[in-house]
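Visitor: here is my input, please return the structure:
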Amino acid sequence: MDGIEMAKTIDELSREREKLSVDLADKAIVIRKLLEDNNNLSVRLSNAQGEAHNLIKMSQIKLQSE
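Guide: You can find the predicted model right below:
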């Protein structure tokens with residue numbers, strides 16, 4: 001392989017590396033967003049479970065008082 005072919009190969013590998021770096025950065029952003037969404041959904045689920053528990057308790061108290 002002569003110098004010109006080596007230079008072309010190095011240039012091609014550099015472009016591919018840059019593209020992979022951009023792809024990786026994009027995926028990191030998506031992962032951060034998914035983790036944030038997961039955290040928000042976990043909080044909402046916990047709140048909904050607490051409300052459901054309170055409603056069940058109130059229903060049981062109401063049934064006992066009748």
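Visitor: what about Ala48, neighbour count?
Guide: Applying other CB atoms under 10 Å, we find 10 residues neighbouring Ala48. From N, CA and C alone the C-beta is placed, and that goes for glycine too.
Visitor: try Met6
Guide: Applying other CB under 10 Å, we find 10 residues neighbouring Met6.
Visitor: next, it: phi, psi?
Guide: Dihedral angles of Met6 (phi, psi; degrees, to the nearest 10) stand at phi -60, psi -40.
Visitor: mean confidence for the strand or helix carrying Val22?
Guide: Using DSSP states H and E, Val22 falls within helix 3-65. For helix 3-65, mean pLDDT is 96.
Visitor: report how many residues lie close to Leu45.
Guide: Leu45, neighbours per other CB under 10 Å, totals 10.
Visitor: again with the one 10 residues further on
Guide: Residues contacting Leu55 under the criterion other CB under 10 Å number 10.
Visitor: likewise for the one 4 residues further on?
Guide: Residues near Ser59, counting by other CB under 10 Å, number 10.
Visitor: try Gly3
Guide: 7.
Visitor: now do it against Thr9, distance only.
Guide: Using CB to CB, to the nearest Å, Gly3 is found at 11 Å from Thr9.
Visitor: ok, the residue positioned nearest the centre of the chain to Asn40 distance?
Guide: For the chain, the residue nearest the mean C-alpha position is Leu34 (1.7 Å; CA atoms, centre = their mean). In this view, Leu34 and Asn40 are 11 Å apart by CB to CB.
Visitor: with Gln49 instead?
Guide: From Gln49 over to Asn40 (counting by CB to CB), the distance is 15 Å.
Visitor: distance from stretch 50-66 to the middle of the chain?
Guide: Put simply, stretch 50-66 sits 36 Å off its chain's centre (CA atoms, centre = their mean, to the nearest Å).
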